[in-house]
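*Asks:* Show me the folded form of this:
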Amino acid sequence: MPYPDVLEKLVSLAKRRGFIFQSSEIYGGTGSVWDYGPLGVELKNNVKARWWNAMVRQRDDVEGLDAAILMNPKVWEASGHVAGFTDPLIDCKTCKSRFRADKLQDAQCPRKPSRHPGEYAECQLTEARQFNLMFKTFMGPVEDSASVVYLRPETAQGIFVNFLNVQQATRQKVPFGIAQIGKAFRNEITPGNFTFRTREFEQMEMQFFVEPGTDMEWFAKWKAWRREWHVGLGLADDRLQYHQHGEKELAHYARAAFDIEFDFGGSLGFQEIEGVHNRSDFDLTQHQSHSGKRLEYVDQANNRRYVPYVIETSLGADRVTLAALVNAYREEAVEGEEEGRTVLRLHPALAPITAGVFPLTKKDGQPEMATRLAADLRKRFPVFYDEAGAIGRRYRRQDEAGTPFGITVDGDSARHDDVTIRFRDDLQQIRVATGRVAEVIASYIASDVPVAEASRVVHP
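*Replies:* Okay, the predicted model is just below:
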């Protein structure tokens, strides 16, 4: 059964609940540039933190880096981006629109949306021409060719030019990797589908340096590991698949490449969220040639030197965040209620708010007790306190925010020093001593127990 298209509904929910806003909206917006609101920045930060923890902190063979966005323009000449980072473009003389020549079958004619560009007689298309996707700017007071710099279109080159710096500083031996998270910029001509394809985005990339001849073995390992990570993020297994690059898709420097694709539902279907590539020794060799600096690894144990091959894992933090939202979105009927609910079944470790704390009423000391509990829980988790409106509506607001645990202080709480924990997914409730609430929630998150099953776990 195909997954439904929920992007339009998700865009509305994202704005209403403070996940994602159109950039510069009060001025009419900026095309395909988005701002992350209070909940969105927490969600995206949680995605990045989970990647960093798995990629860097839990491994002793991967080091972290934060390279600058602005780099010497010779970097982009060596990498091939100045000469070859282009898309073929076609202009329509009739409607003045611009399209990618290799994506005409995916485009709609602005005047006749049921047709593709060029499919009716009045439509006049120009010949294709190449358009460089890098944003160009100037460094210093004079705007001339000598001061041209580029906003980086990828973060990987910052890793390659720092290969020896990191290796020598950390005394790592090949095989080892360098990981970083950072902004990248591409002057996309046909961006769209909410935050899926944007002009400003954030990448999470790791380049793993290996001895030539062992590269395909490492490539297979990283391909499997990276898919497992997405499943651990809570993405449904049947919504993930591999796409192998064929000869026409494969970059000229690559020995092998696979995309990990996620099913976004509807007409969008399966789309890339991460790439795993065997880049051979192309990048280090290019930078060695253009800079005149040796970028070889010295294998002292075997008395040899070589330029390592590179296995790359590259994914967009924005795309993975969007995939997590699409995967989590549900519209559900609730027994005994006419309205039903909209809920985000986010993995508890990703949820922007871990727990909502609610006094059932505004009397009998319930707000005071709930306020103290919320303050205590904030030492460990993001918490939202809410005493406004009926308890059902407060639950529904947190369901839309993806909050996995709802904690209610009621009339019995003061007498028994306990509270009710409500589980987002199956709406079951358990009674827990006030002093153990943080411990119980932390144990559910640490054990990766799905929220829908958590209420059925017998807790000590």
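
*Asks:* residues contacting residue 211?
*Replies:* 174-175, 299, 306, 308-309 (C-beta atoms under 8 Å, 6 or more residues apart in numbering). C-beta here means a position set from N, CA and C on the backbone, and glycine is covered the same way.

*Asks:* got it, and residue 53?
*Replies:* Contacts of residue 53 by C-beta under 8 Å, 6+ apart: none found.

*Asks:* mind redoing it with 10 Å?
*Replies:* 59, 349 (C-beta atoms under 10 Å, 6 or more residues apart in numbering).

*Asks:* Spatially central, which residue of the protein would that be?
*Replies:* In the chain, the centroid-proximal residue (C-alpha atoms, centre = their mean) is residue 317; its distance is 2.3 Å.

*Asks:* Relative to residue 156, how far out is it?
*Replies:* Residue 317 is 15 Å from residue 156, where distance means C-beta to C-beta, to the nearest Å.

*Asks:* what's the answer for residue 351, then?
*Replies:* 31 Å.

*Asks:* neighbour-wise, which of the two wins?
*Replies:* More crowded of residue 351 and residue 156, by other C-beta atoms under 10 Å: residue 351, with 29 against 24.

*Asks:* you'd agree that one is up against residue 403?
*Replies:* Yes: in this structure residue 351 lies within contact range of residue 403 using C-beta atoms under 10 Å: 6.0 Å.

*Asks:* Need the overlap of contacts for those two.
*Replies:* 39, 344, 382, 424, 451.

*Asks:* which is the next helix or strand following the one helix or strand residue 10 maps to?
*Replies:* Residue 10 is part of helix 7-17, with elements assigned from DSSP states H and E. Using DSSP H and E, the helix or strand that follows helix 7-17 towards the C-terminus is strand 20-22.

*Asks:* Paired strands for the very next helix or strand once past that next one, with orientation please.
*Replies:* Remark: after strand 20-22, the chain's next helix or strand is strand 34-36, criterion DSSP H and E. Partners of strand 34-36 in the sheet, by DSSP bridges, are strand 20-22 (antiparallel).

*Asks:* So for the partner strand, mean pLDDT?
*Replies:* Averaged over strand 20-22, pLDDT sits at 96.

*Asks:* got the contact list for it?
*Replies:* 10-11, 13-15, 28-37, 39-41, 43-44, 194-195, 318, 321-322, 325.

*Asks:* From the chain's centroid, how far away is that strand?
*Replies:* 16 Å (C-alpha atoms, centre = their mean, to the nearest Å).

*Asks:* cool, and stretch 160-173?
*Replies:* On the basis of C-alpha atoms, centre = their mean, stretch 160-173 sits 27 Å off its chain's mean C-alpha point.

*Asks:* likewise stretch 268-287?
*Replies:* 17 Å.

*Asks:* Now it: buried residues?
*Replies:* Within stretch 268-287, the residues scored as buried using 16 or more other C-beta atoms under 10 Å are 268, 270-284, 286-287.

*Asks:* measure the closest residue to residue 59 other than its chain neighbours to residue 300 for me?
*Replies:* Using C-beta to C-beta, 6 or more residues apart in numbering and skipping the chain neighbours, the partner closest in space to residue 59 is residue 177 (7.8 Å). Taking C-beta to C-beta as the criterion, residue 177 is separated from residue 300 by 20 Å.

*Asks:* out of these two, which sits in the more crowded spot?
*Replies:* When residue 177 and residue 300 are compared for neighbours, residue 177 comes out ahead with 25 against 9, by other C-beta under 10 Å.

*Asks:* Contacts only, for residue 25.
*Replies:* So residue 25 contacts 15, 34-35 (C-beta under 10 Å, 6+ apart).

*Asks:* what would those look like in CSV with neighbour count?
*Replies:* CSV is the format used below for the contacts of residue 25 (neighbours: other C-beta atoms under 10 Å):
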residue, neighbour count
15, 15
34, 23
35, 13
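
*Asks:* which one of those is nearest residue 259?
*Replies:* Closest approach to residue 259 among those (C-beta to C-beta): residue 34, at 22.8 Å.

*Asks:* quick one: secondary structure of the residue sitting furthest away from the middle of the chain?
*Replies:* Taking C-alpha atoms, centre = their mean, the residue of the chain most remote from its mean C-alpha position is residue 415, at 45.5 Å. Assigned state for residue 415: helix (three-state reduction, DSSP: H, G, I helix; E, B strand; the rest coil).

*Asks:* can you pull the contacts of it?
*Replies:* residue 364.

*Asks:* Which parts of the stretch 351-460 of the chain are strands?
*Replies:* Taking DSSP state E, counting those that start in this stretch as the criterion, the stretch 351-460 of the chain contains strands spanning 355-359, 383-385, 405-409, 418-423, 429-433.

*Asks:* which one of these lies closest to residue 239?
*Replies:* Comparing the strands of the stretch 351-460 of the chain by C-beta to C-beta, strand 418-423 comes nearest, at 23.2 Å.

*Asks:* relative to strand 405-409, how tilted is that closest one?
*Replies:* Calculated by axes from the mean of the first three to the mean of the last three C-alpha atoms, to 10 degrees, strand 418-423 forms an angle of 150 degrees with strand 405-409.

*Asks:* and strand 418-423, C-alpha only, in CSV?
*Replies:* Presented in CSV, the C-alpha positions along strand 418-423 are these (Å, rounded to 0.1, in the frame of the first residue of the first chain):
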residue,chain,number,x,y,z
ASP,A,418,2.8,10.5,42.4
VAL,A,419,1.6,11.5,38.9
THR,A,420,0.2,10.0,35.7
ILE,A,421,2.4,9.5,32.7
ARG,A,422,0.5,9.3,29.4
PHE,A,423,2.1,7.7,26.4
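
*Asks:* list the helices and strands that strand packs on?
*Replies:* Judged by 3 or more C-beta pairs under 10 Å, 6 or more residues apart in numbering; DSSP states H and E, strand 418-423 is in contact with strand 355-359, helix 366-377, helix 391-401, strand 405-409, strand 429-433, helix 437-446, helix 451-454.
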